[in-house]
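Novice: fold the following, please.
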Amino acid sequence: MSTSLDIVPYKPHHLRMMNIQDKQSYVLDLDPDFPENVELVSRELWTVLFEGAPIAVLGLLEIHPTCGDVFAVFAKNFAQRLKGVLRVCHQLIEDWHELRYTRLQTTVLEDFPKARRFIQSLDFKQEGYLRQFAPDGRDVFMYGKVI
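Specialist: Numbering: from 1, shown residues only. Purely as a prediction, here's the structure:
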């Protein structure tokens, strides 16, 4: 079996198969239908596979014609392929810019420093702090990237 990453169009069973990292597992606790619902609202949605298993779901929700809210859900073992996942993220950002998006934004849980470092490595800048913004009431940092 290949040790490279494959990027495929998202399917709801990808999230259901994934062993989601602990800091993000709340998405399924709050909305058991999240794997299907996220597909309905996303403009772009991709799954990263490693050895045939999903390790990341990456998506973009359109805020308006030039601004997208990006998100990612990662498996517990995604860090084993961190450099490859970062390359995929950089490529998606470039692709989204070509689609006309000039601003991307996202939120990161305040108590999740690894995620903050990850988004900063993609050249997103911290723009604010939102109290009780996450669906489960936790605080988040707002990040943005003008491309």
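Novice: what's the closest non-adjacent residue to E36?
Specialist: In this structure, E36 finds its nearest non-sequential neighbour in P12, 4.9 Å apart by C-beta to C-beta, 6 or more residues apart in numbering. Yep, even glycine has a C-beta here, placed from its N, CA and C like the rest.
Novice: list the residues that contact that neighbour.
Specialist: P35, E36, E39 (C-beta atoms under 8 Å, 6 or more residues apart in numbering).
Novice: can you tell me the element the residue most central in space within the chain falls in?
Specialist: In the chain, the C-alpha closest to the average C-alpha coordinate belongs to A72, at a distance of 1.2 Å (C-alpha atoms, centre = their mean). For A72, the host element (DSSP states H and E) is strand 67-74.
Novice: also A115?
Specialist: Following DSSP H and E, one finds A115 within helix 113-121.
Novice: buried ones in that helix?
Specialist: Burial within helix 113-121, assessed by neighbour count using 16 or more other C-beta atoms under 10 Å, is assigned to A115, R116, F118, I119.
Novice: packing partners for the following helix or strand past that helix?
Specialist: Per DSSP H and E, helix 113-121 leads on to strand 125-130 as the next helix or strand towards the C-terminus. Judged by 3 or more C-beta pairs under 8 Å, 6 or more residues apart in numbering; DSSP states H and E, strand 125-130 is in contact with strand 140-146.
Novice: just how off-centre is the strand it packs on within its chain?
Specialist: Relative to its chain's centre, strand 140-146 lies at 13 Å (C-alpha atoms, centre = their mean, to the nearest Å).
Novice: contacts for the strand holding A72 next, please.
Specialist: When contacts are defined by C-beta under 8 Å, 6+ apart, strand 67-74 is touched by residues 15, 18, 20-21, 24, 27, 43-44, 55-63, 85, 89, 96, 101-106.
Novice: brilliant, that's me finished.
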